[in-house]
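Colleague: Fold the following and give me the result.
(one chain, ligands or ions: 1)
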Amino acid sequence: MDITGIIAGDEQGICNLIDMTYKGKDPQVGDFIIKTRYSKDEFIKKCEQWGLDLFEYPICNFCRKVIHGMYTISRNGEDVCLDCEAKEKPRKEK
Ligand SMILES: [Zn+2]
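Modeller: Below you'll find the model as predicted:
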């Protein structure tokens, strides 16, 4: 079983990777096996030490939720989840 480091907003840890090669697809990220509480920089270094790949989920610039799976890039180059994209005029809260 393959594992990878994951950063998802405030959460970080080690996830397993689900082999999808039998379907001819890239592996999918599974659930957290272990959650860690390092600073982001420390966690990046730890993943290097452990020889793990690191994947960071994008954060929606409008609702600040972690975007799992599909997302789009808005006209001004910001990450937007499909929920916010579906709204007519997403606006940043100040
Ligand atoms: Zn959103």
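Colleague: I'd like the next helix or strand past the lengthiest helix in the chain.
Modeller: Ranked by residue count and defined by DSSP state H, the top helix of the chain is helix 40-50. Counting by DSSP states H and E, the next helix or strand C-terminal to helix 40-50 is strand 54-56.
Colleague: quick check: mean pLDDT across that following strand?
Modeller: What strand 54-56 shows for mean pLDDT is 93.
Colleague: Repeat that for stretch 33-42.
Modeller: Mean per-residue pLDDT for stretch 33-42: 96.
Colleague: neighbouring contacts of that stretch?
Modeller: I3, I7, E11, Q12, G13, I14, C15, N16, F43, K46 (Cβ atoms under 8 Å, 6 or more residues apart in numbering). In this view, the C-beta of every residue, glycine as well, is placed from N, C-alpha and C.
Colleague: Name the member of the residues you listed with the most neighbours.
Modeller: Highest neighbour count within the contacts of stretch 33-42, by other Cβ atoms under 10 Å: Q12, with 25 neighbours.
Colleague: State the helix or strand in which that one lies.
Modeller: strand 11-18.
Colleague: quick one: least confident helix or strand in this protein?
Modeller: In the chain, no helix or strand scores lower on mean pLDDT, DSSP states H and E than strand 71-73, which sits at a mean of 78.
Colleague: if we can go back for a sec, centre of the chain to the longest helix of the chain, how far?
Modeller: In terms of Cα atoms, centre = their mean, to the nearest Å, the centre of helix 40-50 is set 16 Å apart from its chain centre.
Colleague: And that helix, what's buried?
Modeller: For helix 40-50, the buried set under the neighbour-count rule, 16 or more other Cβ atoms under 10 Å, comprises F43, K46, C47.
Colleague: Hmm, G5 and the last one touching each other?
Modeller: I take that to be C47. Yes. Contact criterion Cβ atoms under 8 Å: C47 and G5 qualify, at 3.8 Å.
Colleague: Find residues that contact each of those two.
Modeller: Residues touching both C47 and G5 (Cβ under 8 Å, 6+ apart): D53, L54.
Colleague: Excluding chain neighbours, what is closest to the spatially most central residue of the chain?
Modeller: The residue lying closest to the centre of the chain (Cα atoms, centre = their mean) is Y57, at 1.6 Å. Counting by Cβ to Cβ, 6 or more residues apart in numbering, A8 is the residue found nearest to Y57 once chain neighbours are left out, at 4.4 Å.
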